[in-house]
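Student: structure of the sequence below:
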Amino acid sequence: MATYSKSEIEKIGNTIIFLAERIPDLSKTKLLKLLYLAEEVYARKSHLPFLGLEFQVWQAGPVARDIFIELSDEPNLLKNHIELNKTNEATYIQNKAKFNDDEFNDSELELLNFIVARFGGKSASELVTITHRKNSNWFRVASEKNLLTLFENGLTNSSDEKIDFTREMNEREKEIFTEQKAFNQLVSYINS
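Tutor: From the prediction side, this is the model:
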């Protein structure tokens, strides 16, 4: 599990609060897909990381392992932000606090509004389909690493293969993205 600074935890937590305040019955699976789509859309648009989460290629699509773990038991990192409501059907996310925009710039707030408007009304299974579409980052990695057959035949449900958000960027855009991610990690290390 990665180490996060207080600022990163606030940003992740408030992103989830933003989504939970605006999307009724926000399930764990739906949230994981929305976080991925937010990261992907922001990387494509601005060539910068949004939350800087690492996403791996799992059977149900790209998953941020740290967030998956956080939502699989009682929240630890996000205990001040969210609580879980577990039913027989799914785990639902509820906010414990009100959204605080201190960690966000205008472009990031615009992104969050776009994610809610474009994907908030879709079901978790529809979002899985979207993240599995051909030519998606998930599909490309799953194909290249011969994971599709393993997933389809139920031989594995996860992998350590990572999504590379810079894959479709030119060299300068990759440099900007990579430098910002390294800077964010340095700040996280210094502040932890």
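
Student: now do the longest helix along the chain: distance to the chain's middle.
Tutor: When the chain is parsed with DSSP state H, its longest helix is helix 171-191. The chain centroid and the centroid of helix 171-191 are separated by 18 Å, computed with Cα atoms, centre = their mean, to the nearest Å.

Student: what sits up against it?
Tutor: Applying Cβ atoms under 8 Å, 6 or more residues apart in numbering, the external contacts of helix 171-191 come out as 3-8, 43, 47-49, 52, 165-166, 169. For glycine as for every other residue, the C-beta is placed from the backbone atoms N, C-alpha and C.

Student: ChimeraX command for the buried members of the residues you listed?
Tutor: Applying 16 or more other Cβ atoms under 10 Å to the contacts of helix 171-191 leaves a buried subset, and the ChimeraX line that selects it is:
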select :4,5,8,43,47,48,49,52,165,166,169
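
Student: any chance of the contacts of helix 171-191 in a markdown table with pLDDT and distance to I16 as columns?
Tutor: A markdown table is the format used below for the contacts of helix 171-191 (pLDDT from 0 to 100; distance: Cβ to Cβ, whole Å):
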| residue | pLDDT | distance to I16 |
| --- | --- | --- |
| T3 | 77 | 19 |
| Y4 | 84 | 13 |
| S5 | 84 | 17 |
| K6 | 87 | 16 |
| S7 | 87 | 15 |
| E8 | 89 | 13 |
| A43 | 94 | 19 |
| H47 | 93 | 24 |
| L48 | 92 | 20 |
| P49 | 93 | 17 |
| G52 | 91 | 15 |
| F165 | 92 | 20 |
| T166 | 91 | 25 |
| M169 | 90 | 27 |
